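Asks: for reference, the sequence and a predicted model appear below.
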Amino acid sequence: MAGGSGSRMQAFTKRWLGHPRPKQYCAFTGRRTMLEHTLERASAAAGSWRVVTIIDPKHKEYLLAPRRMRVPGHIIEQPQPRDTGPGVFLPLARVLAQDSEAIVALMPSDHFIFPRKRFLALLEEAYLLAERLPEDLVLLAARPDSPESDYGWILPGAPIPDSRALRVSLFREKPGHDDAVELRRQGALWNTMIVTTRAATLWEVGRRFQPGMIRRFEALMGRIGLPDQSEAVTEAYRGMDALNFSRDILEPAAERTVVLPMDGVRWCDWGRPRRVIETLGQIGKPPSFPVETKNRRRPDMTTAVAQPPLDIDYPGKDEVVNSSHYTFRMTAPEGVAYVEVSIDRGPWLACHCACGFWWFEWTNYQPGVHTLSARAVGRDGEPVNSLPRRFVVAGADEPPTPPLRRRSHRNR
């Protein structure tokens with residue numbers, strides 16, 4: 001699925017490239033675009049001749065410049081942007097016209113997924129589940145590391161026997177922050193919109209919840225592959241309502257959906273600049289775009305990654321902690337909604353605010369060298385990140401350099 005315009009990233013790509021460019025046609029690191037990475041995964045899973053890609057016809061220029069992209073299989077152009085609902089069911093109509101027994105996998109082209117080999121193994125697991133559960137949708141889901149309100153959330157229910165998959169108990173598309181915090185506490189997962197199912201099953205689900213859209217595409221089915229196919233598609237889209245696949249199809253179809261956690265896979269929807277920057281930093285990949293530093297700024301530099309005004313006060317750099325418990329302290333900008341910390345790249349943990357600072361009580365820790373990271377999230381949902389802070393818990397071999405400063409610190 002490559003038909004989106006990437007409106008939330010347009011300002012970012014314009015500062016970087018001089019013009020707005022949909023993110024699926026951008027190479028944020030290396031040479032390959034997000035679309036090319038997605039096509040590679042799809043071809044490896046199903047064979048290149050079975051890949052169907054939907055695009056906006058206004059984006060065809062991005063397939064040619066700055067270099068020509070190879071798009072395997074078939075390209076379908078949607079005449080007008082009508083959100084992800086029609087963006088799924090238009091290519092699905094083509095698949096069903098060719099093979100009514102097909103099993104399909106939906107892959108958005110603006111997601112970061114790593115590593116590829118593990119993801120393909122999970123996709124094969126989802127395919128086998130779709131064969132075993134022919135009346136259900138199999139949805140791959142990511143483990144959350146923050147209360148992200150831009151994502152859909154899935155609350156798992158009863159387990160599927162002899163499988164890692166679970167029934168979906170609740171589906172919430174883009175909840176508010178407080179609801180996202182609660183969903184995360186209850187063990188909910190992120191919706192990736194990567195779905196594997198029988199094409200006929202997905203069509204039936206669409207007919208149940210959006211019959212008007214399906215009637216339009218059913219009128220189109222008999223003209224697929226004929227000379228007047230383009231005119232038929234234009235006719236089907238004329239006056240069609242915009243429909244969101246997650247909100248208008250998946251959410252009401254929760255009872256027909258099972259969820260498969262993507263354990264061992266790093267997933268992120270690169271719908272905001274800070275997610276791109278954070279992910280590349282986590283995997284150690286250099287960005288293709290210029291990054292602003294603290295004391296130097298050029299007109300061509302993006303403002304998406306200014307040095308964060310979030311400081312870790314305690315522990316100090318290379319401090320040795322020698323108490324049985326410890327309290328981290330952070331100084332955050334005014335007006336933040338909440339602050340979280342992550343220890344040794346573990347899950348994000350909520351801090352509490354008191355006396356103008358943010359605090360986290362740390363207990364049950366092991367001797368050794370540790371790394372603390374912090375992030376403050378504003379009321380607009382945008383985070384600022386601290387620089388990582390290295391420190392040592394007494395009892396481990398301490399590195400000879402740099403010299404360590406010892407400080408006793410309790411319950412500050």
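Replies: Yep, it's here.

Asks: other residues contacting the helix or strand containing Arg172?
Replies: In this assignment (DSSP states H and E), Arg172 forms part of strand 166-173. Residues from elsewhere that reach strand 166-173, judged by Cβ atoms under 8 Å, 6 or more residues apart in numbering: 139, 152-160, 179, 183, 188, 191, 244, 246-247, 250-251, 254-255, 257-259. Just so you know, the C-beta spots here come from the backbone N, C-alpha and C atoms, and that holds for glycine as well.

Asks: mind exporting the C-alpha coordinates of that strand to PDB?
Replies: The C-alpha coordinates for strand 166-173 follow below in PDB (Å, rounded to 0.1, in the frame of the first residue of the first chain):
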ATOM      1  CA  LEU A 166      -4.700 -14.800  20.600                       C
ATOM      2  CA  ARG A 167      -8.300 -13.700  19.900                       C
ATOM      3  CA  VAL A 168      -8.800  -9.900  19.900                       C
ATOM      4  CA  SER A 169     -10.800  -8.800  22.900                       C
ATOM      5  CA  LEU A 170     -10.800  -5.000  22.000                       C
ATOM      6  CA  PHE A 171      -9.600  -2.900  19.200                       C
ATOM      7  CA  ARG A 172      -9.100   0.900  19.800                       C
ATOM      8  CA  GLU A 173      -8.000   3.100  16.900                       C
END
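
Asks: now do the buried residues in the helix or strand following it.
Replies: Next helix or strand after strand 166-173 toward the C-terminus (DSSP H and E): helix 177-185. Across helix 177-185, burial judged by 16 or more other Cβ atoms under 10 Å covers Ala180, Val181, Leu183, Arg184.

Asks: between the two ends of stretch 168-182, how far is it?
Replies: This stretch, stretch 168-182, spans 17 Å end to end (Cα to Cα, to the nearest Å).

Asks: quick one: mean pLDDT over it.
Replies: Averaging pLDDT along stretch 168-182 yields 89.

Asks: just how off-centre is it within its chain?
Replies: Centroid displacement of stretch 168-182 relative to its chain, using Cα atoms, centre = their mean, to the nearest Å, is 15 Å.

Asks: before we move on, the earlier item: dump the buried residues of helix 177-185 into JSON lines; add distance to Leu122 as well.
Replies: Converted to JSON lines, these look like this (distance: Cβ to Cβ, whole Å):
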{"residue": "Ala180", "distance to Leu122": "24"}
{"residue": "Val181", "distance to Leu122": "27"}
{"residue": "Leu183", "distance to Leu122": "22"}
{"residue": "Arg184", "distance to Leu122": "21"}
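
Asks: how about the residues you listed, which pair is most distant?
Replies: Spanning the widest gap among those are Val181 and Leu183, at 7.4 Å by Cβ to Cβ.

Asks: which neighbours do the two share?
Replies: What both Val181 and Leu183 touch, as defined by Cβ under 8 Å, 6+ apart, is the set Pro147.

Asks: identify each buried residue in the strand holding Arg172, please.
Replies: For strand 166-173, by 16+ other Cβ under 10 Å, it's Leu166, Arg167, Val168, Phe171, Arg172, Glu173.

Asks: ok, so of these, who is nearest Glu235?
Replies: Glu173 (29.9 Å).

Asks: any idea how far that closest one lies from Phe245?
Replies: 10 Å (Cβ to Cβ, to the nearest Å).

Asks: same question for Cys351.
Replies: 36 Å.

Asks: alpha carbons of stretch 329-340, as PDB, please.
Replies: Extracted C-alpha coordinates of stretch 329-340, given in PDB (Å, rounded to 0.1, in the frame of the first residue of the first chain):
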ATOM      1  CA  ARG A 329      16.100  12.900  38.900                       C
ATOM      2  CA  MET A 330      15.300  14.700  35.700                       C
ATOM      3  CA  THR A 331      14.900  18.300  34.800                       C
ATOM      4  CA  ALA A 332      12.300  18.700  32.000                       C
ATOM      5  CA  PRO A 333      11.000  21.700  30.100                       C
ATOM      6  CA  GLU A 334       7.900  23.400  31.400                       C
ATOM      7  CA  GLY A 335       4.500  22.100  30.200                       C
ATOM      8  CA  VAL A 336       5.400  18.500  29.500                       C
ATOM      9  CA  ALA A 337       2.600  15.900  29.900                       C
ATOM     10  CA  TYR A 338       4.800  13.200  31.400                       C
ATOM     11  CA  VAL A 339       8.400  11.900  31.700                       C
ATOM     12  CA  GLU A 340       9.600   8.300  31.300                       C
END
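
Asks: what's downstream of the lowest-mean-pLDDT helix or strand in the chain, the next helix or strand?
Replies: Ranking every helix and strand in the chain by mean pLDDT, DSSP states H and E puts strand 383-385 at the bottom, with a mean of 76. Going down the chain from strand 383-385, the next helix or strand is strand 389-393, by DSSP H and E.

Asks: is Glu361 in a bridge, and if so with what?
Replies: Here Glu361 sits in beta bridges with Thr327, going by DSSP bridges.

Asks: burial check on it, number of neighbours?
Replies: Per other Cβ atoms under 10 Å, the neighbour tally for Glu361 reads 12.

Asks: what's the answer for Gly222, then?
Replies: By other Cβ under 10 Å, 10 other residues sit near Gly222.

Asks: any idea how far it is from Arg82?
Replies: 21 Å.
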